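# give me a 3D structure for the following:
(chains A, B and C)
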Amino acid sequence: MPELPEVEGVVRSLAPVSAGRTILSVKISETVLSAKQIGKEAIVKGITSEDFISEMAGMKILALSRRSKYIYFHVERDEEPYLLVSHLGMTGAWFVVDTLDDIKEERFRRHVHVTFEMADGGLLVYSDIRRFGELRLVKAESDYPPLLEMAPEPFSEEALHHFLAMCETPKYARKPIKEVIMDGHVISGCGNIYATEALYTMKIHPNRSAGRISKERKIELFQTIVDVLQESIRAGGSSISDYRNINGEAGTMQERLKMYGKKFCPGCGTRTKSLKIAGRTSVYCPSCQH
DNA sequence: AGCAGCGTCCGGCCGC
DNA sequence: TGCGGCCGGACGCTG
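Residues are numbered from 1 along each chain as shown, chains lettered A, B, ... in the order given. Below you'll find the model as predicted:
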């Protein structure tokens, strides 16, 4: 389940082996081709398969960056810049290999959906077991408004003020704090794992209304989220279920998690509880979190 | 106009 | 061993 730290790890490992290379041609899996043919938006979004294939041919990858949980491939063709935006969804993964057989893990090898054949011979491969991910080619972020509506990067200077201001709007003030911090319009890149961890560290019940937390505590909560995201980046991300970086390496952050997926509170030993908030499982300690 | 709530995209896994 | 139900980021649509 890639959240910001996992996506950061992908960008860091993918950039050095893909930047500077040129895409010769593109292959899309039969699964995706037929899904798109019957009108579904399958992985390659906002464009027909044929157009994606012809648009991507000849693209040179200039650089990679991360924005929230999105990977941005900065590309150009005939000196015209484009952005190839990649979201990993639940189970997306990138590989740089010579042949598909080099993808060692069978479950990824079985679900290869987009293969970019590079001019220098290698392959840049997108695999996605559940197909919740997406690839979207745009001229610029403004071509796809949701990209402009994302909260600032959590490590940027304006992120804290953005968070505090959003908490005070009528839309968010009465919502559960967990729903608020997981909303990409409020904080970028904080998914279920890190929201769960930060609320546990802060001893805040996930269902508490955002408006019923003092400004001081909200500032501390924000800093806790930033800290846990940075700790996870340093640890190479959390390898829960299907996340690997492009070298097939698993991160170690999952070993440092204190509440996500736990049956008992590591602090007091109380059996944890779980409730649904905004459709997502939210684990907490009923004794420590209020 | 803006928002809440639901549908959508799926394979894997769990429990019966 | 077979199978129905559940899970989940984030957008898009509906009412």
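# residue A:128 against residue A:93, yeah?
Yes. If you go by C-beta atoms under 8 Å, residue A:128 and residue A:93 touch, sitting 7.1 Å apart. Backbone N, C-alpha and C define where each C-beta goes, glycine included.
# what sits in contact with each of the two?
Common contact partners of residue A:128 and residue A:93 (C-beta atoms under 8 Å, 6 or more residues apart in numbering): none.
# ok, which stretches of the stretch 1-150 of chain A are helices?
A:4-18, A:30-37, A:49-56, A:106-109 (DSSP state H, counting those that start in this stretch).
# a markdown table please, covering those and showing mean neighbour count and mean pLDDT.
Shown next, in a markdown table, are the helices of the stretch 1-150 of chain A (neighbours: other C-beta atoms under 10 Å; pLDDT from 0 to 100):
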| stretch | mean neighbour count | mean pLDDT |
| --- | --- | --- |
| helix A:4-18 | 21 | 93 |
| helix A:30-37 | 15 | 91 |
| helix A:49-56 | 16 | 95 |
| helix A:106-109 | 14 | 88 |
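# who in chain A is up against DNA strand B?
A:31, A:35, A:40-42, A:107, A:110-111, A:129-132, A:171 (C-beta under 7 Å from any atom of the strand).
# between the helices of the stretch 1-150 of chain A, which one is closest to residue A:236.
helix A:4-18 (5.7 Å; C-beta to C-beta).
# and that closest one, what does it pack against?
Using 3 or more C-beta pairs under 8 Å, 6 or more residues apart in numbering; DSSP states H and E as the contact test, the elements touching helix A:4-18 are strand A:60-67, strand A:70-77, strand A:92-97, helix A:215-234.
# low-confidence bits of chain A, can you list those?
Within chain A, the segments meeting pLDDT under 70 span A:240-250.
# measure residue A:146 to residue A:161 for me?
Residue A:146 sits 22 Å away from residue A:161, going by C-beta to C-beta, to the nearest Å.
# near DNA strand C at all, stretch A:140-150?
Yes. Looking at stretch A:140-150 against DNA strand C by C-beta under 7 Å from any atom of the strand, the contacts come from A:145, A:146, A:149, A:150.
# can you put the residues you listed in a markdown table and add distance to residue A:239?
Output for the residues of stretch A:140-150 next to DNA strand C, formatted as a markdown table (distance: C-beta to C-beta, whole Å):
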| residue | distance to residue A:239 |
| --- | --- |
| A:145 | 33 |
| A:146 | 28 |
| A:149 | 30 |
| A:150 | 25 |
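# show the buried residues in those residues.
residue A:150 (16 or more other C-beta atoms under 10 Å).
# the residue of the stretch 151-290 of chain A at minimum distance from DNA strand B: what secondary structure?
Evaluated by C-beta to the nearest atom of the strand, the stretch 151-290 of chain A has residue A:171 as its residue closest to DNA strand B, separated by 4.5 Å. The three-state assignment at residue A:171 reads helix, by DSSP: H, G, I helix; E, B strand; the rest coil.
# and it, how many neighbours?
Neighbourhood size, residue A:171 [other C-beta atoms under 10 Å]: 13.
# and the gap between the residue nearest in space to the middle of chain A and residue A:53?
Taking C-alpha atoms, centre = their mean as the criterion, residue A:69 is the residue nearest the geometric centre of chain A, at 3.1 Å. Counting by C-beta to C-beta, the separation of residue A:69 from residue A:53 is 26 Å.
# now swap in residue A:19 and tell me
Taken as C-beta to C-beta, the span from residue A:19 to residue A:53 is 22 Å.
# now do residue A:282
Distance from residue A:282 to residue A:53, by C-beta to C-beta: 41 Å.
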